[in-house]
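Peer 1: structure for the following, please:
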Amino acid sequence: ICQQILKPQSPYTAVRHPQSDISCRLYEVEQTVTYDLVIRRLINKYQTEHNILPNKIAILHPWRDGGIVEISRSLDQNGFEFDLDRHPLYDRKNQLVFWLEQVAIWCLQGWTTSASFSLKPVSFDQIHYFWEKLIQDVEKEFWSNIDPRIILTTSLWAIRGKNMLLRDWLKFLNEQLKLEQVLSFYKKHFPDEVLEYEKLLQLTTEGSELEDWNIEKFGHLQIAVQLTTLHSSKGLEYEAVIVAGTENIREDMSGTRLFYVGATRAKTQLAFIYRPKEYGMTSEHIEHLKRRCAHFDCFNHYPLN
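Peer 2: So this is what the prediction gives:
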């Protein structure tokens, strides 16, 4: 599979993908060097030398806990903007939370005439579709003979284009859309979704983890480095891809498939990073890359060349 992905060439020349112009490199990280240092320098290298925007760079790892989550903490401490596919504090795949993310995107971008050219285009029809699901069990008398679609439209139109603090924005929606009452009906069928929403509210209160978030960050609209696992990256594509923790990819058939996924996400720049195991042992995948597939550099205290 590796031979199908990358043309076998000299380890001293850049590797080219058979179907595109892609450069592949392999970096060995010594025990005295942290993974995040290599990743940060590679990000800077791609931005300065190759003019690649941060949101076109992805960091992939076989693991979430102990992998992507740890890398995100390090990037955060060093002032790097990043976008996690799943947030460790709340469930982004929860339907109610996902709908709120879509509403945030619409408020900042979706209402404009150029919405189709935005990073994450969202239509009002998408917003309204889930709103109808939320209110399906609410009695008509609750709305005082006002069409709930009109309530939704006027409420969102009033805050369009305003990058509010997340806690203030959620408070506004709660008051205008009467979310607390609406969700009391919705909770009968989907209690877990409402619990996740209540957890999100708690996280945004003063002194909590997300108190300084604005809705741009909540809607993941920043031009930021993308972080995800190898499994979750299937079907996605980026200009530059950094595969960290390569030594943790299993050496069975499922590991080979995962290696294939990581190697085929990049358009122009691909880097594999690994740390040798005890006694200098490395995996079969890494040995193959060393022999035939990439530039090979040992990363210690020297800058990347």
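Peer 1: would you list every one of the helices in the stretch 151-300 of the chain?
Peer 2: Ranges of helices in the stretch 151-300 of the chain, per DSSP state H, counting those that start in this stretch, are 166-176, 179-186, 191-203, 215-218, 253-263, 284-288.
Peer 1: what comes up buried for the strand ranked longest in the chain?
Peer 2: Counting by DSSP state E, the longest strand found in the chain is strand 266-274. Neighbour counts using 16 or more other CB atoms under 10 Å place 266-274 of strand 266-274 among the buried residues. Every C-beta, even on glycine, is put in place using the N, C-alpha and C of the backbone.
Peer 1: that older thread, do you know which of the helices of the stretch 151-300 of the chain lies nearest residue 106?
Peer 2: helix 215-218 (10.4 Å; CB to CB).
Peer 1: can you list contacts of that closest one?
Peer 2: With contacts defined as CB atoms under 8 Å, 6 or more residues apart in numbering, helix 215-218 is touched by 100-101, 104, 107-108, 163-166, 169, 210, 222.
Peer 1: now stretch 87-98
Peer 2: Stretch 87-98 is contacted by residues 69, 72, 85-86, 101, 130, 134, 183, 186, 190, 192-194, 196-197, 199-200, 203, 209-210 when judged by CB under 8 Å, 6+ apart.
Peer 1: tell me which residues of the helix or strand harbouring residue 73 come out buried.
Peer 2: Assignment of secondary structure by DSSP states H and E places residue 73 within helix 69-77. Residues 69-72, 74-75 are the ones in helix 69-77 that count as buried (16+ other CB under 10 Å).
Peer 1: between those residues, which is nearest residue 244?
Peer 2: The nearest one, if we look at the buried residues of helix 69-77 relative to residue 244 and count by CB to CB, is residue 71, at 6.6 Å.
Peer 1: residue 211: what's it in contact with?
Peer 2: 167, 204-205.
Peer 1: what's the PyMOL line that selects buried ones from those residues?
Peer 2: A single PyMOL command selects the buried members of those (16+ other CB under 10 Å):
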select buried, resi 167+204
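Peer 1: so can I have TSV of the contacts of residue 211 showing pLDDT and distance to residue 243?
Peer 2: Below are the contacts of residue 211 laid out as TSV (pLDDT from 0 to 100; distance: CB to CB, whole Å):
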residue	pLDDT	distance to residue 243
167	94	37
204	92	34
205	87	38
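Peer 1: circling back to that earlier point, centre of the chain versus the longest strand of the chain, how much separation?
Peer 2: 17 Å (CA atoms, centre = their mean, to the nearest Å).
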